[in-house]
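In: 3D, please:
(2 chains)
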Amino acid sequence: MKIYILGISAFYHDSAAALLCDGEVLAAAQEERFSRIKNDPQFPSKSIEFVLKYADISIRDVDYVIYYDKPFVTFERLIASYLSNAPRGFKSFLISFPVWMKKKLFQKKILYKRLLQFDKKFSVKKILFSEHHLSHAAGSFYSSCFDEAIVLTVDAVGEWATTSVAIGDGKSLKIEKEIRFPHSLGLLYSAFTYYLGFKVNEGEYKLMGLAPYGKPIFVDKIKKHLIDIKSDGTFRLNLDYFDFVTGLKMTNKLFDELFEQSVRDSQSDIFEDFHADIAASIQVVTEEVLLLLTRNLAKEYKIKNLCLSGGVALNCVANGKILDDGSFENIWVQPSPGDAGAAIGCALAAWHIQLDQPRNLKKIEAFPSQYLGPKFSNDEVTLFLDAIGSSYSVYADEQLFELTADALANGKIVGWFQGKMEFGARALGNRSILADPRNPEMQKKLNLTIKFREGFRPFAPVILSEMANEWFEIDRESPYMLFVRNVLKVKRLAVRKQQKELTIEQKLQQLRSKIPAVTHINYSARVQTIQKTMNPKFHSLISSFNQITGCPILVNTSMNVRGEPIVCTPSDAYKLFMSTGLDIIVIENCILYKNDQFPKLPIQFSH
Amino acid sequence: MFKKIKTKIVAGTSILQVGAHSETAEKVQGFYAKSPFPNFDDHASLVDLVDNKNKNTFLYNLKDQLGLGKKLIEVGSGTSQLSIMLSHGTNNQVIAFDATLDSLRLGEAFTRKYNLPNCNFVLGDLFSDPFEDEFFDFVWCSGVLHHTDDPEGGFEIISKWLKKDGIIIVGLYNKIGRLRTNFRQFIFRCMRPFWFAKKVIFFLDPIIRSQTSKVKKEAWFQDQYLHPIESKHTLSEILKWFDANGIGFVSSVPTCTSEQVNMKNIFKIQSRGSVLSQIVSQLAFLFGPNSREGGLFLVIGRKR
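Out: Alright, predicted model coming up:
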């Protein structure tokens, strides 16, 4: 008989649900995709509904439901933090305490109540709990094809741990040591995210994108005043400069005074060199800590494989540095290392640790990537398009690839909606916006007319796996966009040398390579390599584009606009298509052109 | 789309002019020509406009629940921000209909700038009844009928334009809910000179205080304190209009029973309540945030 395990992450940010059948991930989705609220922390009812429907089972068939965190331990940390700082933080305590008492502390009861909505006979005995960092570590280690690995988890905080080291060996996974709250690399990075006017838990990757425009001139200041880094990579924060332990903000006045500027106004679109320098500096410090940690772990444990997890593992620039450092032969980053991915992680922990089930490494090698969400058939799509009076044409696969590639080669921006929705922060070719990377105007156009976001934000390239090393300094697969690689020197273009005098905007306008739309200011790119076996349709489209243009690369950015989650359904995709500068959208085998979308009125208005 | 009625394109625009104007329309047109309402902020971009409208939970959900591939009309669209918001990101054909060319010009220029081909502009007088019966899936008419000589007659006309099962939303000044504005209007009329009275109103009116744009402050002031025609209505009065014109009551803001509007399903039929509950609800409305905004109440109906 099959054993089903439902993993849930919720109530903080990025809630999600994942369903395992005999240890294999069947389906997973983030609640934000259904609720359309970015980083939605609510109980993932709709995600659970989806994963159960996908497996064609009811909640009664689920053997275990596991939650990714231990709320009593987290509450203990909260109380201890307030007590040790009292009377400071009383205001924050008054806000958070009732929320905890009502919505977070008695999690088992809350989960049970919510699950009863699916089945009135659901048994409370099926509910299990996993530790936060163990969920992260399990998500990374058990989805890797390593029999043995060091698992480094770095995030803001989970219960007490902010950084942990676990050793995975076969089916066993044990946390060996940890750095505890409030000393957190994730929170340090988030504090700078806040300082630069970005939203915490959401804007960290914006900071990472801004960093290459600046110079790391504040590194010494950060190391002298904010973080004490030891030779083995462990660290302590100087809490005098932060407000996150007991306050309602991330940083305080002393922090502002240290850098001689106050927090950047989030409404402003202006970025000065100062902001870029700050971003560059904290990025360097983060990389330094991570490199020290990984080097020392490699020496200490003498294990050649490293697994990374936790929100900080989304820092693909730092991941690239760890890879280049060579302390480990192999590195695996869980494709969704944040809290959403912990829904998969805690379910895997239940299967291998609590149920003591062995791993099947052969099956894991074929880990079916991140395409774990809802899909829609051509019939469902055409039914929807007919119902809304949309104009579209249906094509066979080959013609679909040719027409789409041709449009891309002619400078059109295309929405590409195919198959199962991706799990995690990255669109990997099923809910993507695609464009020609050779077009020098494309980055700006995409940022301003499609994504409605800051002009400096870089875009990622997707390249045919078999041709990746002809364009990038890459010697292995990067199917999940989790490593930054440089554009090969032969593909680069010479730029003016006086970079100092240029503004961010001017730097942005400089052509740096033959694929300027995906080449960041430092020639780096967050590469996605695509293999035919992983996503045949996407591979075929890029091959068609390569045949027309001789360029096996496309710009691949997620199908969403600023502040909104990635689209889930054809309806979401259609709305995005109509509200942005997208020229064409391909939904399964239907092609829709923007100009044909409006039903004719009996009288023609001459727009 | 139109009844047999004369149409022409206004020179240099894509605005279609239909029929002749009534005396009231001329009067109101004269007022709004000087004071376009609600007006665009000097710096408003399409993103600003859509973001701003999306912050309004009711409008955000309304747009979502109206669906796609529909024909919508905003009667008395003024500078047409709502029409633009409803058309943006959809394949709906939206008609922004108003009696004032200068207001429509601002909206039309905006849609040209941002290439919004499905927001169409029609200049005309609603009392000339220019549109075909049962043409639209949705009729929005808020803040308009109470500025006409015959609000009930106006409602009768626009409800004819609605298809069977189509949705109509009318927004009118509420007799009770507008008492706070009426009190400020009284103060304004008692004071002299004009500039001083205006200053006092700029201090007293919460909407003017909360606005940062000078243009919008002025537009609100003109609309609320200097309008030549204004009437006020009760919930029970509008429900009678609905019954007389084959419109089934869906819900209202405020609701007839003081319960909350179901934002997840705006078109879910709610109770009409009793006369007493309607009065209580309108009294509660007087002290709620919507009363601060001029006491405008919305009633939603579906054509039978």
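
In: Run a quick neighbour tally on residue B:48.
Out: Neighbourhood size, residue B:48 [other C-beta atoms under 10 Å in any protein chain shown]: 12. C-beta: built from backbone N, CA, C; applies to glycine.

In: for the record, mean pLDDT for stretch A:202-222?
Out: The pLDDT scores in stretch A:202-222 average 92.

In: does residue 60 count as helix, strand or coil?
Out: No chain specified, so I'll use chain A. Using DSSP: H, G, I helix; E, B strand; the rest coil, the secondary structure recorded for residue A:60 is helix.

In: what separates the residue nearest to it when sequence neighbours are not counted from residue A:126, distance-wise?
Out: Ranked by C-beta to C-beta, 6 or more residues apart in numbering or on different chains and with sequence neighbours excluded, the top spatial neighbour of residue A:60 is residue A:119, at 5.0 Å. Counting by C-beta to C-beta, to the nearest Å, the gap between residue A:119 and residue A:126 amounts to 11 Å.

In: Looking at the two, which is more packed in?
Out: Higher neighbour count among residue A:119 and residue A:126: residue A:126, with 17 against 13, using other C-beta under 10 Å.

In: so what pLDDT did the more buried one get?
Out: pLDDT recorded at residue A:126 is 94.

In: got a list of what residue B:205 touches?
Out: Residue B:205 is in contact with B:184, B:220-221, B:224, counting by C-beta atoms under 8 Å, 6 or more residues apart in numbering or on different chains.

In: one more time with 10 Å, if that's ok
Out: With contact set as C-beta atoms under 10 Å, 6 or more residues apart in numbering or on different chains, residue B:205 has these partners: B:180-181, B:184, B:188, B:211, B:217, B:220-221, B:224-225, B:292, B:294.

In: Lowest-confidence member of those, which is it?
Out: Scoring the contacts of residue B:205 by pLDDT puts residue B:292 last, at 70.

In: tell me, how many neighbours does it end up with?
Out: By the measure other C-beta under 10 Å, the count of residues near residue B:292 is 15.

In: I'd like the distance between it and residue B:230.
Out: 18 Å.

In: returning to that earlier point: for the residue nearest to residue A:60, helix, strand, or coil?
Out: Counting by three-state DSSP, the backbone at residue A:119 sits in coil.

In: Get me the contact residues on chain A for chain B.
Out: Counting by C-beta under 10 Å from any C-beta of the partner chain, chain A comes close to chain B at A:36, A:384-391, A:448, A:452, A:561-563, A:571, A:574-581, A:592, A:594-607.

In: Could you list the domains of the chain?
Out: By default, I'm working from chain A. A:4-68+A:70-129, A:144-337, A:378-596 (automatic domain parsing).

In: let's do chain B instead
Out: Split by automatic domain parsing, chain B gives B:7-176+B:230-303, B:179-225.

In: can you give me phi and psi for the residue in the stretch 101-250 of chain A that chain B sits nearest to?
Out: Proximity of the stretch 101-250 of chain A to chain B (C-beta to the nearest C-beta) peaks at residue A:199, 15.0 Å away. Torsion angles at residue A:199 (phi, psi; degrees, to the nearest 10) stand at phi -80, psi 130.

In: Mind pulling the model confidence for it?
Out: For residue A:199, the model assigns a pLDDT of 90.

In: That one contacts residue A:205, correct?
Out: No. Between residue A:199 and residue A:205 there is no contact under C-beta atoms under 10 Å: 11.1 Å.

In: any shared contact partners between these two?
Out: Contacts common to residue A:199 and residue A:205, judged by C-beta under 10 Å, 6+ apart, are residue A:193.

In: is it true that the residue nearest to residue A:60 touches residue A:57?
Out: No. If you go by C-beta under 10 Å, residue A:119 and residue A:57 don't touch, sitting 11.0 Å apart.

In: near chain A, which residues of the stretch 51-200 of chain B?
Out: B:51, B:54, B:63-64, B:67-71, B:87-93, B:95, B:108, B:111-112, B:115-122, B:132, B:135.

In: taking those one by one, which sit in helices?
Out: Among these, the members found in helices (DSSP state H) are B:51, B:54, B:63-64, B:87, B:108, B:111-112.

In: mind giving me TSV with the residues you listed and columns for neighbour count?
Out: Output for those, formatted as TSV (neighbours: other C-beta atoms under 10 Å in any protein chain shown):
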residue	neighbour count
B:51	14
B:54	14
B:63	23
B:64	16
B:87	26
B:108	26
B:111	24
B:112	13
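
In: Contacts only, for whatever residue of the stretch 201-304 of chain B ends up closest to chain A.
Out: Residue of the stretch 201-304 of chain B nearest chain A, by C-beta to the nearest C-beta: residue B:264 (11.0 Å). Residues in contact with residue B:264 (C-beta under 10 Å, 6+ apart) are B:61, B:64-65.

In: Quick check on residue A:378: phi, psi?
Out: phi -60, psi -40.

In: Sorry, wrong one. I was asking about residue A:198.
Out: Dihedral angles for residue A:198 - degrees, to the nearest 10 - are phi -100, psi 160.

In: The residue lying closest to it once chain neighbours are set aside: neighbouring residues, count only.
Out: Counting by C-beta to C-beta, 6+ apart, residue A:198 lies nearest to residue A:206, which is 5.0 Å off, once chain neighbours are set aside. By other C-beta under 10 Å, the residues close to residue A:206 number 19.

In: Tell me how far the nearest residue in space to residue B:114 that is not next to it in sequence lies from residue A:197.
Out: With C-beta to C-beta, 6+ apart as the criterion, residue B:114 has its nearest non-adjacent residue at 4.3 Å, and that residue is residue B:46. Separation of residue B:46 from residue A:197 (C-beta to C-beta): 23 Å.

In: can you give me the strands for the stretch 51-200 of chain B?
Out: All strands of the stretch 51-200 of chain B, identified by DSSP state E, counting those that start in this stretch, fall at B:71-75, B:93-98, B:119-123, B:136-142, B:162-173.

In: now for the third one, which elements pack on it?
Out: Looking back up the chat, that one is strand B:119-123. Contacting strand B:119-123 under the criterion 3 or more C-beta pairs under 10 Å, 6 or more residues apart in numbering or on different chains; DSSP states H and E are the following elements: strand B:7-9, strand B:16-18, strand B:71-75, helix B:81-87, strand B:93-98, helix B:101-113.

In: now swap in the last one and tell me
Out: In this structure, strand B:162-173 makes packing contacts with helix B:57-66, strand B:71-75, strand B:136-142, helix B:151-160, helix B:235-244, strand B:247-253, strand B:296-303, judged by 3+ C-beta pairs under 10 Å, 6+ apart.

In: Next, name the residue at the spatial heart of chain A.
Out: For chain A, the residue sitting closest to the mean C-alpha position, by C-alpha atoms, centre = their mean, is residue A:425 at 3.1 Å.

In: For that one, what is the enclosing helix or strand?
Out: Taking DSSP states H and E as the definition, one finds residue A:425 inside no helix or strand.

In: With residue A:210 instead?
Out: helix A:204-210.

In: Next secondary structure element downstream of that helix?
Out: By DSSP H and E, the next helix or strand past helix A:204-210 is helix A:219-221.

In: could the helices and strands packed on strand B:162-173 be laid out in a markdown table, adding mean pLDDT and distance to residue A:283?
Out: As requested, the helices and strands packed on strand B:162-173 are arranged in a markdown table below (pLDDT from 0 to 100; distance: least, C-beta to C-beta, whole Å):
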| stretch | mean pLDDT | distance to residue A:283 |
| --- | --- | --- |
| helix B:57-66 | 91 | 37 |
| strand B:71-75 | 96 | 48 |
| strand B:136-142 | 96 | 49 |
| helix B:151-160 | 96 | 59 |
| helix B:235-244 | 93 | 59 |
| strand B:247-253 | 92 | 49 |
| strand B:296-303 | 93 | 50 |
